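Engineer: Need coordinates for the below:
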Amino acid sequence: MARSLSDTDYRRLFEAMPGLYIVLTPDFSIVTASEDYVKVSGIGLEEMCGRDFFAVFFSDSSDPNESFASNLRESLQHVLATRTPHKIEAHSYNSSKVNYWSSISIPVMDPNGEVVFIVRRVEDVTAAVRKEEERELFFQYSFDLQAIVGADGYFKRLNPAFERVLGHSTEELCSRPLVEFMHPEDVAKTKKGIRTLTEGTATIASVNRYRCKDSSYKWFSWNTIPKGNLFYSVGRDITGQIEAEERINALNRELERKNVDLEAQIEERMRELTHSEAQVQQLQKMDAIGRLAGGIAHDFNNMLGAIALYCDLLADSNGRADLVQRAVQDIRLVGTRAAALTRQLLIFSRKQIVQAETIELNPLIQHMEKMLTRLIGENIKIKMKLAPRLHPIAIDPSQMEQVILNLVVNAKDALPKGGTITLETSNVYLDEKFTSKHLSVEKGHYVLITASDDGTGMPPEIIDKIFEPFFTTKPPGKGTGLGLSTTYGIIKQGRGTIWVYSELGRGTTFKIYLPVVESAAITSAPAPVKPVVFNGTQTVLLVEDDSHLRSAFVPMLEGKGYKVLVASDGKEAVDLCRKYSGDIHLLLTDVIMPGISGFDLAKEVLKLRPDLRVLYMSGYTSDALENSGVESTTDLDFIQKPFDTNTLLRKIHEVLFKPN
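Structural biologist: Got it, this is the predicted structure:
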């Protein structure tokens, strides 16, 4: 069975209670105190017990807290008289520490209702008082207007900024509804805001106008938070901002008016300049065409001159096989360069027939190596550094060959005394760090083609113009200025990008990035073409308006066993089909000819000979073919000029023997 608590037990329990407690008799003698109270007071429990409370803590009559002692005595006497608790709000009890305390005195009564003890509980409220003091300082000295507003629409308390900004006294502002000081146009909006606050929702950046003492108005922006029936509001004077905005709006209106007048003047001036500008553009166009024509004439004259010299060499070879082979190879090389120049013009005009394929780049470059070596001459070496397992790319193979050729020719011109040209390939990944500095490039996997030389290099002013059409560092009439602009166009068309790095005396490097094609069928790069070993026995109707090409086609085809019927235009070809009694197996026709086109010719001939196979050939652009009545060459048997013998013979064989 649990024992009952003795007086000693109760005393020990009281003394161990957390917090500041002290027990007094009705004559204010100290009975006991909690350990926390003893610790804070700095007086031992035995020293204070049995002694008068005021003698212990307020013995010095000069103590600045003497007034507090008088208030405390009155509080204790109130407890004895009313037998009810009494509280004393915050008071600085210890001036040396400048702490604030709050206390409550509670009567303890016997069964007869007589007060036998008074328990005082003391609490340190210094932190709360400090916060209140800080809030009051902010309230008093803030430049912004701060107010406590009642739900009845009256100001309850205002900081001094109200009187300073508006000129009305605080008493005047608080004595009347706040809407009486407001601009009439803003009253309804403000009343609606008060209803919103009454519902417990804060209002942010609410704007209205208040009347000043001098009857002028000022604009304010208010943030208000509701708490019970009171609204705590902070307002900022935005009159200057509003007036500035109004001035700006007025200036904008004036500016718009002047812009209308100015646009009318500009339009009139533009009409006056249009004729002159058209004349200037025509002069510039003629100048550019002149420079282009001069460059093309120079290059083609060189090529034609080389062909003429090689023909003389063949004529004087006296049957020497080595001279014949060398002359034929060099004539083919010159023809390749002439075809490349034509392709440059077509690419530059963006009208070449483009056939993008998924290819591996390394075999394409390797296939070109022999031709490039002969092109650059013996005093220049070409090095290949091709990365293994290169990713596939999507581009027109012939255009990619044009890019490689242009870069090598450009490097060759920078090596007048010889040197080294290096072609490199590699797989690279361009991350966000790279693309953030090169905004035209997207993040991802790319194939990098690098063409570098150890030649003369270029100054910055040349680099800035290197990709411009018609720009060339060669003398007038000795270059078209299309090589690198064509290269730039091809790379951009393939969704890639190209950069050039160069310094005078330190060579030049071109870097080309082409996006990788994922999971696509790869078209093998052109392998060395083996000579055609079969002979034909079929009859071919050749329709070509160029007499030189006709003269070349006939012996070449007859030499392979074909029987050749020749026509110079469509009308002659139709007459031949009608008159010739034997079988005609293939119509080999140019597309663009005087009179009817190759497409219209095929329609007429197929009416006469439905089993006839047709192979079209042309060196014209896609635009020209479309103008000739065909939308696309994709579904037709077509061969692009110029071509070599093996390419033509293979295509003829393919067309003749493909299934219907």
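
Engineer: before we move on, what SS does the most centrally placed residue in the chain have?
Structural biologist: Against the mean C-alpha coordinate of the chain, by CA atoms, centre = their mean, the closest residue is residue 439 at 7.0 Å. Following DSSP: H, G, I helix; E, B strand; the rest coil, the label given to residue 439 is coil.

Engineer: and it, how far is that from residue 514?
Structural biologist: 18 Å (CB to CB, to the nearest Å). (Glycine included, C-beta is placed from N, CA and C.)

Engineer: Next: residue 41.
Structural biologist: 88 Å.

Engineer: same thing with residue 580?
Structural biologist: Relative to residue 514, and taking CB to CB, residue 580 is found at 51 Å.

Engineer: Looking at these two, which is more packed in?
Structural biologist: Counted by other CB atoms under 10 Å, residue 580 and residue 514 do not tie: residue 514 has more neighbours, with 22 against 13.

Engineer: Now do the buried residues in stretch 580-595.
Structural biologist: Across stretch 580-595, burial judged by 16 or more other CB atoms under 10 Å covers 584-593.

Engineer: In a strand, residue 565, correct?
Structural biologist: Yes: residue state for residue 565 (three-state DSSP) corresponds to a strand.

Engineer: Quick one: residues contacting it.
Structural biologist: 539-542, 576, 580, 584 (CB atoms under 8 Å, 6 or more residues apart in numbering).

Engineer: let's go with 7 Å and repeat that
Structural biologist: 539, 541-542, 576, 580, 584 (CB atoms under 7 Å, 6 or more residues apart in numbering).

Engineer: which residues does it bridge with?
Structural biologist: On DSSP bridges, the residues paired with residue 565 through beta bridges are residue 541.

Engineer: Got phi/psi on the residue of the chain positioned farthest from its centre?
Structural biologist: Each residue of the chain has a distance to the centre, and by CA atoms, centre = their mean the biggest one is for residue 112: 88.4 Å. With angles defined as degrees, to the nearest 10, residue 112 sits at phi -90, psi 0.

Engineer: any idea how far it is from residue 611?
Structural biologist: According to CB to CB, residue 112 stands 139 Å off from residue 611.

Engineer: Confirm residue 213 sits in a strand?
Structural biologist: No: judged by three-state DSSP, residue 213 forms no part of a strand; its state is coil.

Engineer: Give me the neighbour count for the residue lying closest to it once chain neighbours are set aside.
Structural biologist: Using CB to CB, 6 or more residues apart in numbering and skipping the chain neighbours, the partner closest in space to residue 213 is residue 167 (2.9 Å). Neighbour count for residue 167, taken as other CB under 10 Å: 14.

Engineer: you'd agree residue 167 is up against residue 212?
Structural biologist: Yes: taking CB atoms under 7 Å as the definition, residue 167 is a contact partner of residue 212 at 5.2 Å.

Engineer: list the contacts for residue 242?
Structural biologist: Residue 242 makes contacts with residue 219, as judged by CB under 7 Å, 6+ apart.

Engineer: Tell me the buried residues in the helix or strand encompassing residue 373?
Structural biologist: Element membership for residue 373 (DSSP states H and E) is helix 361-376. Across helix 361-376, burial judged by 16+ other CB under 10 Å covers 361-362, 364-365, 367-368, 371-372, 375-376.

Engineer: Against which helices or strands is that helix packed?
Structural biologist: helix 321-348, strand 380-386, helix 397-413, strand 419-430 (3 or more CB pairs under 7 Å, 6 or more residues apart in numbering; DSSP states H and E).

Engineer: separation between residue 68 and residue 360?
Structural biologist: Taking CB to CB, one finds residue 68 at 98 Å from residue 360.

Engineer: Residue 421 contacts residue 380, doesn't it?
Structural biologist: Yes: look at residue 421 against residue 380 with CB under 7 Å: they come within range, at 6.3 Å.

Engineer: which of the buried residues of stretch 580-595 sit farthest apart?
Structural biologist: In terms of CB to CB, the buried residues of stretch 580-595 reach their longest pairwise distance at 585 and 592, which sit 24.1 Å apart.

Engineer: As a check, name the ranges of all strands in the stretch 451-600 of the chain.
Structural biologist: 497-502, 508-515, 539-543, 563-567, 586-590 (DSSP state E, counting those that start in this stretch).

Engineer: Let me see the mean pLDDT of the third one.
Structural biologist: In this case it means strand 539-543. For strand 539-543, mean pLDDT is 94.

Engineer: Give me the contacts around it.
Structural biologist: Outside of strand 539-543, the residues within contact range by CB under 7 Å, 6+ apart are 550, 553-554, 557, 562-567, 570, 573, 576, 582-590, 601.

Engineer: Tabulate the CA atom coordinates of stretch 207-217 in PDB.
Structural biologist: What follows is stretch 207-217, C-alpha atoms only, in PDB (Å, rounded to 0.1, in the frame of the first residue of the first chain):
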ATOM      1  CA  VAL A 207      -3.400  50.500 -55.000                       C
ATOM      2  CA  ASN A 208      -5.500  53.600 -54.000                       C
ATOM      3  CA  ARG A 209      -5.200  57.300 -53.400                       C
ATOM      4  CA  TYR A 210      -5.400  59.300 -50.200                       C
ATOM      5  CA  ARG A 211      -6.200  63.000 -49.800                       C
ATOM      6  CA  CYS A 212      -3.500  65.200 -48.200                       C
ATOM      7  CA  LYS A 213      -4.000  68.100 -45.900                       C
ATOM      8  CA  ASP A 214      -3.500  70.500 -48.900                       C
ATOM      9  CA  SER A 215      -6.300  68.600 -50.900                       C
ATOM     10  CA  SER A 216      -3.800  67.000 -53.300                       C
ATOM     11  CA  TYR A 217      -3.800  63.200 -53.700                       C
END
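
Engineer: Report the buried residues of it.
Structural biologist: Applying 16+ other CB under 10 Å to stretch 207-217 flags 208-211, 217 as buried.

Engineer: what's the closest of those residues to residue 57?
Structural biologist: residue 210 (53.0 Å).

Engineer: A strand includes the closest one, no?
Structural biologist: Yes: using three-state DSSP, the assignment for residue 210 is a strand.

Engineer: among the strands of the stretch 451-600 of the chain, which is the most enclosed?
Structural biologist: For the strands of the stretch 451-600 of the chain, the largest average neighbour count (mean count of other CB atoms under 10 Å) is found in strand 586-590, namely a mean of 24.

Engineer: Could I get the average pLDDT for that one?
Structural biologist: Here the average pLDDT along strand 586-590 is 93.

Engineer: try stretch 151-168
Structural biologist: The pLDDT scores in stretch 151-168 average 91.

Engineer: Can you get me a residue count around residue 243?
Structural biologist: 11.

Engineer: how near is residue 225 to residue 201?
Structural biologist: As for residue 225, its distance to residue 201 is 10 Å (criterion: CB to CB).

Engineer: Which residue of these two possesses the greater neighbour count?
Structural biologist: residue 225 (15 against 12).

Engineer: partners of the helix or strand harbouring that one, with directions?
Structural biologist: Using DSSP H and E, residue 225 sits in strand 217-227. Strand partners for strand 217-227, identified by DSSP bridges, are recorded as strand 203-211 (antiparallel), strand 230-237 (antiparallel).

Engineer: Need the winner for burial among these.
Structural biologist: Per residue and on average, the most neighbours among the strands paired with strand 217-227 fall to strand 230-237, with a mean of 18 (mean count of other CB under 10 Å).

Engineer: lowest average confidence, helix or strand, in the chain?
Structural biologist: Least confident helix or strand, the chain: helix 622-627 with a mean of 52, by mean pLDDT, DSSP states H and E.

Engineer: Which helix or strand lies directly C-terminal to that helix?
Structural biologist: strand 638-640.
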